[in-house]
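just coords:
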């Protein structure tokens, strides 16, 4: 519905208001995006879980449980012993970046989760901004809302989904940018980010060769 609304011809007053909003979001939208992506984390810490995955993956708001506990176990082991456990070796990119955040925060998992949610919000903002340049405000807001809706259930946890979504947003923003059609190197960077996203959170692996053929075409 928002994409269709972007194709309408609004009145001049509405068009001026949309341009003012676009300018404001272009300047301060990154801060709004970070706050919106931090809201599910704060809600879960207040024992109001945003969804089933967060309730199971972070018991009582903070305790890693189930697969999330396995994802969390590897980074402290890497920092203390110098190697991953067998579970984290399956998803080493997420565990390695979590170990970096834990090292920067002195082992504080809460601070590491906040940093991860903030970075995910920044990547979603960049994607929405790229969509706004090409299609307008309404499709950009719809894109941001979809990403937030998919990520909100996993943001309070140490799962791999937030990192995969952040890298996927980064890849889409680079591939949708006008420069990707003029410079093959920029499109290659977008494909590299998408490949990293699929390594952080495995998905449709055939997307990478398909997009490589699209970029060459």
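Yes, it's here. This one's a predicted model, so the numbers in the text were calculated from it and none came from an experiment.

Contacts only, for residue 45.
Going by Cβ atoms under 8 Å, 6 or more residues apart in numbering, residue 45 touches 61-62, 110, 156. To be clear about C-beta, it is placed using only N, CA and C from the backbone, and glycine gets the same treatment.

Mind checking which of these are in helices?
If you go by DSSP state H, the contacts of residue 45 have residue 110 in helices.

Buried among the contacts of residue 45? Need that as a selection in ChimeraX.
To isolate the buried members of the contacts of residue 45 in ChimeraX, using 16 or more other Cβ atoms under 10 Å:
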select :61,156
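
Of the contacts of residue 45, just say which sits nearest to residue 188.
The closest of these to residue 188 turns out to be residue 156 (Cβ to Cβ; 34.4 Å).

give me phi/psi at the closest one?
Phi and psi for residue 156, reported as degrees, to the nearest 10, are phi -80, psi 0.

so what's it up against?
Applying Cβ under 8 Å, 6+ apart to residue 156 gives the contacts 40-41, 44-45, 49-50, 54, 57-58, 61, 113, 117.

Top of those residues by number of neighbours, please.
With neighbours taken as other Cβ atoms under 10 Å, the top of these is residue 58, carrying 28 neighbours.

OK, contacts around it?
Counted by Cβ under 8 Å, 6+ apart, residue 58 has contacts 44, 64-65, 68, 156-158.

Contacts for stretch 65-82, please.
For stretch 65-82, contacts defined as Cβ under 8 Å, 6+ apart pick out 56-59, 64, 83-85, 87-89, 91, 94-96, 98-99, 102-103, 107, 109, 157-160.

go with 7 Å
Outside stretch 65-82, the residues within contact range by Cβ atoms under 7 Å, 6 or more residues apart in numbering are 56-59, 64, 83-85, 87-88, 91, 94-95, 98-99, 102-103, 109, 157-160.

Tell me which entries of the residues you listed lie within strands.
58-59, 64 (DSSP state E).

what's the distance between residue 124 and residue 151?
Taking Cβ to Cβ, to the nearest Å as the measure, residue 124 falls 8 Å from residue 151.

So for the two, which residue has more residues nearby?
Using other Cβ under 10 Å, the more surrounded residue of residue 124 and residue 151 is residue 124, with 30 against 23.

Surely the more buried one is within a strand?
No: counting by DSSP: H, G, I helix; E, B strand; the rest coil, one finds residue 124 to be helix, located in no strand.

Can you turn the buried part of the contacts of stretch 65-82 into a ChimeraX selection?
Buried residues among the contacts of stretch 65-82 (16+ other Cβ under 10 Å), as a ChimeraX selection:
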select :57,58,64,84,85,88,91,94,95,98,99,102,109,157,158,159,160
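
how far does stretch 131-151 sit from the chain's center?
Mean-position distance between stretch 131-151 and its chain equals 13 Å (Cα atoms, centre = their mean, to the nearest Å).

where does this protein have low pLDDT?
Counting by pLDDT under 70, the low-confidence segments of the chain come to 1-14, 49-50.

Nearest the geometric middle of it, what residue?
Closest to where the C-alpha atoms of the chain average out (Cα atoms, centre = their mean) is residue 166, at 2.4 Å.

Run through the residues that contact that residue.
119-120, 123.

Checking it next. Helix, strand or coil?
Under three-state DSSP, residue 166 falls in the helix class.
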